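Undergrad: Just a sequence and a predicted model for now, questions to come.
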Amino acid sequence: MSEKTSCDSKRARMLAKLRAGALGLGLTHKLADGKSGRRIYLDSTASTLQLGIVRDVVQKYLPHYANTHTSAHFSAKLSTREYAWAHSMALDFVGADARDYCCFFVGSGATGGINRVARTLARKRPERDVVIATVMEHHSNDLPHRKNFAKVVHAPLVAAESGFGAADVARIESALAEHSGRVNYVAVTGVSNVTGIINPVHDIAEAAHRHGAAILVDAAQMAAHVPVQMSGHKNPARDLDILCMSGHKIYAPSSPGAVVARRELFAGVEPDEVGGGMVDDVHLDRYMVTDKFPDREEAGTPNIVGAIALATALYALKKIGMEYIAAEENELIKAAIAELAKIKDVVIYGAADAECMRAGAVSFNIRGMHHSLTAAVLNDYFNIAVRNACFCAHPYVREMISEDLGEQMDENLSNEELEALAEMQRGMVRASFGIYNERRDAAALADAVRHIAANKEEYASHYRQGEDGEYAHTTFRFDSRPLFSARDEAQRWLEEGG
Ligand SMILES: Cc1ncc(COP(=O)(O)O)c(C=O)c1O
């Protein structure tokens, strides 16, 4: 056996183990037609399932849990060491040289990180009061810049033959030139949370650096699906300056957000958050902020367990190799798109695969069916968990829907019919994948969508649209309480054996 083959079979074994250990894969639910079915989880872009390895490692840590800001006792020393490992694991995972880059954890996922970046860099370089983003951004990589800067330019996307593609580097470069000397940074998502389209972040970095701007990559969707190398490129202009990622999208529970950034960008400016743990000394009339990273950016007691959980997931992914994982997932997403594309009345948003690469997610609609109805039927009759609506990326979703409506325009349609068509498609259905998904999941999705598309009226007859616009089954009800209730579990625990 060659070295590569033996290495690949080791990776395959580890990946199979990780997959098998994912929590909740075996869930079954009683469905609207009275049958029971295996839950197929296709909502990893919202939050991934949790991994058994993460649960087990965290469980072993918990008896040692203590605050990292204490150094006097054994458990605190252990916690401090493990928390430091979490930082170095995050740096390692995104290929950032620890001599030049720092990592710090924040609350509320990538959103917390991006807000921190926006607030800090607006103060660090106030003369640079413009941010360039793209039309594709999640609100979390758009609104923080709008709130903290004089202007945010939303650069258009490549207009490919088959639909909107990736971020258009030439248009970003023009915006940089137009606002020469004023652009603080270019903020771009690594992977779209709507279409899964992968952006050329290193080309964008080169463009930004040519104009003295930095680049911030929103890696909320990228980190779990695509290999990331922030520093060490042959051409240093291709290095990335700042990256934000989110634990709950990388197989770790809850939402520890992580920021990895060039130290120089966060040095020499008052940290955005102040409090315990980030000062060298405090007097009644003044305080001295420490120069040390990550301490100066982590005021207060951090989410120690969250950071260790995230680092455990990153370690596991890194051990298997993100190139390997990305190649496996690429086959899966291609298969899902190819199957969906064959179904009559299904529209898939974004440029076709040949024109740009995708990772993790695909969004679609069944023509003539409201996105909420499609998602509800997928859940209630097929136990396929997807998400619908606009995925916190309203401008992007609106652009793609308008484009599609334009294609459907028929001059014979009345205004009412046009209105109804627009209303029906004011959102999309998104299927998204994680390492635990297999070909059979993509096939099950395509089978279900094919069946729904062929029986629209029959399914629609079982649903009513509520005032909130969402569709609900007229007779079938789901009661979550028998499955899990924290209060009931707590009560049972207290009474057990007592
Ligand atoms: C591309 C992208 N950026 C940012 C976010 C925000 O992440 P979080 O909810 O972890 O703050 C999301 C969440 O869906 C996302 O998909």
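TA: Looks like it came in fine.

Undergrad: Which stretches in the stretch 201-350 of the chain count as helices?
TA: Ranges of helices within the stretch 201-350 of the chain are 201-210, 263-266, 304-320, 322-341, based on DSSP state H, counting those that start in this stretch.

Undergrad: for the closest residue to residue 316 other than its chain neighbours, what are its contacts?
TA: Once flanking residues are discounted, residue 316 sits nearest to residue 53: 5.3 Å by CB to CB, 6 or more residues apart in numbering. Placement of C-beta: from N, CA and C, glycine included. Taking CB atoms under 8 Å, 6 or more residues apart in numbering, we find residue 53 in contact with 18, 21, 312-313, 316.

Undergrad: Can you name the next helix or strand after the one helix or strand in the chain whose mean pLDDT sits lowest?
TA: Least confident helix or strand, the chain: helix 415-424 with a mean of 68, by mean pLDDT, DSSP states H and E. Following helix 415-424 in sequence order, the next helix or strand is strand 428-432 (DSSP states H and E).

Undergrad: next one: that next one to chain centre, how far?
TA: Between the centre of strand 428-432 and the centre of its host chain there is 13 Å, according to CA atoms, centre = their mean, to the nearest Å.

Undergrad: In CSV, list the C-alpha atoms belonging to that strand.
TA: Provided in CSV are the C-alpha atoms of strand 428-432 (Å, rounded to 0.1, in the frame of the first residue of the first chain):
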residue,chain,number,x,y,z
MET,A,428,-36.1,30.0,-0.5
VAL,A,429,-35.6,26.6,0.9
ARG,A,430,-32.1,25.7,1.9
ALA,A,431,-30.6,22.3,2.3
SER,A,432,-27.2,22.2,3.9
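
Undergrad: What is that strand packed up against?
TA: For strand 428-432, the elements it packs on are strand 361-366, helix 371-382, strand 387-389, helix 394-408, judged by 3 or more CB pairs under 8 Å, 6 or more residues apart in numbering; DSSP states H and E.

Undergrad: In terms of helices and strands, where is residue 166?
TA: Remark: residue 166 resides in strand 163-167, with elements defined by DSSP H and E.

Undergrad: Tell me how far that strand lies from the chain's centre.
TA: 18 Å.

Undergrad: likewise stretch 141-148?
TA: 18 Å.

Undergrad: could you dump the contacts of residue 53 to a markdown table with neighbour count?
TA: Compiled in a markdown table, the contacts of residue 53 are given as follows (neighbours: other CB atoms under 10 Å):
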| residue | neighbour count |
| --- | --- |
| 18 | 22 |
| 21 | 17 |
| 312 | 24 |
| 313 | 25 |
| 316 | 20 |
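
Undergrad: Taking the stretch 1-150 of the chain, what residue is nearest to the ligand?
TA: residue 109 (2.2 Å; CB to the nearest ligand atom).

Undergrad: which ones are touching that residue?
TA: Going by CB under 8 Å, 6+ apart, residue 109 touches 140, 220, 246-249, 255-257.

Undergrad: Now with 10 Å, please.
TA: By CB atoms under 10 Å, 6 or more residues apart in numbering, residue 109 lies in contact with 47, 140, 220, 244-249, 254-258.

Undergrad: near the ligand, which residues of the stretch 151-300 of the chain?
TA: Proximity of the stretch 151-300 of the chain to the ligand (CB under 6 Å from any ligand atom) is limited to residues 189, 193, 218, 220-221, 246, 248, 255.

Undergrad: Rebuild the residues you listed as TSV, extending it with pLDDT and distance to residue 335.
TA: Output for these, formatted as TSV (pLDDT from 0 to 100; distance: CB to CB, whole Å):
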residue	pLDDT	distance to residue 335
189	98	24
193	97	21
218	98	27
220	98	24
221	98	19
246	97	27
248	96	26
255	82	30
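
Undergrad: Walk me through the domains of the chain.
TA: Here the domain parsing of the chain from automatic domain parsing is 3-50+321-473, 54-319.

Undergrad: Of those domains, flag the one that's most buried.
TA: Across the domains of the chain, averaging neighbours per residue (mean count of other CB atoms under 10 Å) puts domain 54-319 on top, at a mean of 20.

Undergrad: Can you measure across that domain, start residue to end residue?
TA: 14 Å (CA to CA, to the nearest Å).

Undergrad: Equivalent analysis for stretch 120-137, please.
TA: The first and last residues of stretch 120-137 sit 20 Å apart, counting by CA to CA.

Undergrad: One more: stretch 219-234?
TA: End residues of stretch 219-234 are separated by 22 Å (CA to CA).

Undergrad: Distance from the chain centre to it, please.
TA: Counting by CA atoms, centre = their mean, stretch 219-234 comes out at 13 Å from the chain centroid.

Undergrad: picking that back up, could you export the helices of the stretch 201-350 of the chain to CSV, including columns for distance to residue 89 and mean pLDDT?
TA: What follows is the helices of the stretch 201-350 of the chain, written out as CSV (distance: least, CB to CB, whole Å; pLDDT from 0 to 100):
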stretch, distance to residue 89, mean pLDDT
helix 201-210, 21, 98
helix 263-266, 18, 98
helix 304-320, 4, 97
helix 322-341, 14, 95
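
Undergrad: residues in contact with the closest residue to residue 96 other than its chain neighbours?
TA: Of all residues not flanking residue 96 in the chain, residue 230 sits nearest, at 4.2 Å (CB to CB, 6+ apart). Residue 230 sits next to 91, 93-97, 100-101, 201-202, 205, 215, 217, 219, 238-243, 260-262 when contact means CB under 10 Å, 6+ apart.

Undergrad: Check residue 230 and give its pLDDT.
TA: We note a pLDDT of 98 for residue 230 in this prediction.

Undergrad: gap between it and the ligand?
TA: Note on residue 230: its distance to the ligand, by CB to the nearest ligand atom, to the nearest Å, is 17 Å.

Undergrad: any idea how far that residue is from residue 244?
TA: 12 Å (CB to CB, to the nearest Å).

Undergrad: Touching both of the two, which residues are there?
TA: 217, 219, 260-261.

Undergrad: pLDDT and distance to residue 454 added to those, as CSV?
TA: Shown next, in CSV, are the shared contacts of residue 230 and residue 244 (pLDDT from 0 to 100; distance: CB to CB, whole Å):
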residue, pLDDT, distance to residue 454
217, 98, 42
219, 98, 39
260, 98, 48
261, 98, 51
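
Undergrad: and of those, the nearest to the ligand?
TA: When these are compared for distance to the ligand (CB to the nearest ligand atom), residue 219 wins out at 8.3 Å.

Undergrad: who's in contact with that closest one?
TA: Going by CB under 10 Å, 6+ apart, the list of residues near residue 219 reads 94, 110, 113, 189-191, 201, 225-226, 228, 230, 240, 242-246, 249-250, 258, 260.

Undergrad: Just list the residues touching whichever residue of the stretch 251-400 of the chain sits closest to the ligand, thanks.
TA: Going by CB to the nearest ligand atom, the ligand is nearest to residue 255 of the stretch 251-400 of the chain, at 5.2 Å. When contacts are counted by CB under 10 Å, 6+ apart, residue 255 touches 47, 106-112, 246-249, 303, 306, 310.
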